[in-house]
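Engineer: Predicted structure and sequence below. I'll ask about it afterward.
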Amino acid sequence: MLQRNYKTMQIFELQDFFEKNDFRKIKIEDNFFNLGSRKFYENPFTEVLSYLLDSETQFSGRKEFIETLLKECISEEALNSLIEFGKVSAQTATLNGNFMDLLFYNNTHIVVFENKIFHSANNPFDDYVTDIKKRYSRHQHHFVLLSYKKEASLENWHYISIQEKFRKFNKTYIYKFKNKWDYFIQDFISHFSNNNIFMNPEEKKFYEEHFAKIISASNNLNNFLLDIANSFVEIAKVKRFEIDGKWNLETKAIRFYPFNDKSNVVLIFNLDGTFSTSVYYYKDFIKCNDFIYNEVGKDLYQSWQEQSICCFTLHDGISYRSLEEALGECGKQTTIMRKIYKEKFSDIIDL
């Protein structure tokens, strides 16, 4: 009883604290890459990285960028060779139909990049290695995992922190600004360096004085998300869940996995107080997307491809104002996924 009363008092104290204080978003300088709705997804990042690496780029700092990015993970001979001449190929399929983010290569060397912004590194890396060694047998092979968060070491792969390398480049390179590309690339590098957040002295003082209450609120939020996830698992009978605290810069999310594979339904908590849903089918996009999209619902969802995955997210402007509505949509999409698996994939998974 005492423990319950303490928790109730703590909740009222936190409610009073948040109602009396204005938690305005810390200023982030506007740039090209935070204007779009998808922000940190890997595909636009890969396209611009391709432009930076290609010998035909008009960016004058190509040599210095490649040196900063790759000097510590490939030999000096390979580095100089690729600086002298290098071509790029994005979203290249392996013989097994898996898509590699980016190949950077010439006649003697090839670097395979897998780019992870906030997603976890759970790709078929062994297939990438096998495929490259088979098709480029005369090349020297280099495999690089670019990520925002520290990833567990992978055999054959070099880990590179996007944030650390991009910050280093911005500190050491002097932009010439002779053409539009210097402005464009500086914006790109700055955005993914994540060093354009400004906190004034008043804001710093506020967080210094109130960090204990904010930590308490954060802990309660985590318990709230855990309670939602466990309740949905029991009701919808999904196999497991994963709380994703870095869905992107401004949201949290819970992934629900109906089966013992990677396909999942996602409940997203938005910064504006609304809720969204997304759905991921780890099935071949070319073969499966059309019939899956018909079931998921074209009126509510837009479709896109990430590597070979079938991805669906709510159309712009659509969200749910209540958690009950959003969980209802998660339940609906879980039922749809079970129906599709039963009809199309029952031979490859235990239903």
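Structural biologist: Arrived safely. Numbers count the residues shown, from 1 in each chain.

Engineer: Run through the strands of the stretch 1-150 of the chain in chain order.
Structural biologist: 27-28, 87-93, 99-105, 109-116, 140-147 (DSSP state E, counting those that start in this stretch).

Engineer: swap in the stretch 201-350 of the chain?
Structural biologist: Using DSSP E, counting those that start in this stretch, strands in the stretch 201-350 of the chain cover 240-248, 251-257, 264-269, 275-281, 301-306, 309-314.

Engineer: so which of the ones you listed comes closest to residue 44?
Structural biologist: strand 301-306 (11.5 Å; C-beta to C-beta). Every residue, glycine included, has its C-beta placed from N, CA and C.

Engineer: same for the closest one, what does it pack against?
Structural biologist: helix 285-296, strand 309-314 (3 or more C-beta pairs under 8 Å, 6 or more residues apart in numbering; DSSP states H and E).

Engineer: If you rank every helix and strand of the chain by mean pLDDT, what lands last?
Structural biologist: Sorting the helices and strands of the chain by mean pLDDT, DSSP states H and E puts strand 27-28 at the bottom, at a mean of 50.

Engineer: Give me the below-cutoff pLDDT ranges for the protein.
Structural biologist: 1-43, 117-122, 149-153, 194-200, 203, 207, 211, 245-250, 348-351 (pLDDT under 70).

Engineer: any idea how it splits into domains?
Structural biologist: What automatic domain parsing lists as the domains of the chain is 32-196, 237-344.

Engineer: Select, out of those, the one closest to residue 216.
Structural biologist: When these are ranked by proximity to residue 216 (C-beta to C-beta), domain 237-344 comes first, at 16.8 Å.

Engineer: Relative to the whole chain's centre, how far out is the closest one?
Structural biologist: 15 Å (C-alpha atoms, centre = their mean, to the nearest Å).

Engineer: where do the helices sit along this protein?
Structural biologist: In the chain, the segments counted as helices under DSSP state H are 2-20, 42-53, 62-70, 76-84, 125-135, 162-172, 180-193, 201-236, 285-296, 323-344.

Engineer: Could you dump these into JSON lines and include distance to residue 275 and mean neighbour count?
Structural biologist: Converted to JSON lines, these look like this (distance: least, C-beta to C-beta, whole Å; neighbours: other C-beta atoms under 10 Å):
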{"stretch": "helix 2-20", "distance to residue 275": "19", "mean neighbour count": "10"}
{"stretch": "helix 42-53", "distance to residue 275": "24", "mean neighbour count": "19"}
{"stretch": "helix 62-70", "distance to residue 275": "38", "mean neighbour count": "19"}
{"stretch": "helix 76-84", "distance to residue 275": "46", "mean neighbour count": "16"}
{"stretch": "helix 125-135", "distance to residue 275": "34", "mean neighbour count": "16"}
{"stretch": "helix 162-172", "distance to residue 275": "29", "mean neighbour count": "16"}
{"stretch": "helix 180-193", "distance to residue 275": "27", "mean neighbour count": "18"}
{"stretch": "helix 201-236", "distance to residue 275": "11", "mean neighbour count": "13"}
{"stretch": "helix 285-296", "distance to residue 275": "17", "mean neighbour count": "16"}
{"stretch": "helix 323-344", "distance to residue 275": "4", "mean neighbour count": "17"}
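
Engineer: Export these to CSV and append columns for distance to residue 110.
Structural biologist: Shown next, in CSV, are the helices of the chain (distance: least, C-beta to C-beta, whole Å):
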stretch, distance to residue 110
helix 2-20, 53
helix 42-53, 12
helix 62-70, 12
helix 76-84, 9
helix 125-135, 6
helix 162-172, 20
helix 180-193, 24
helix 201-236, 42
helix 285-296, 25
helix 323-344, 36
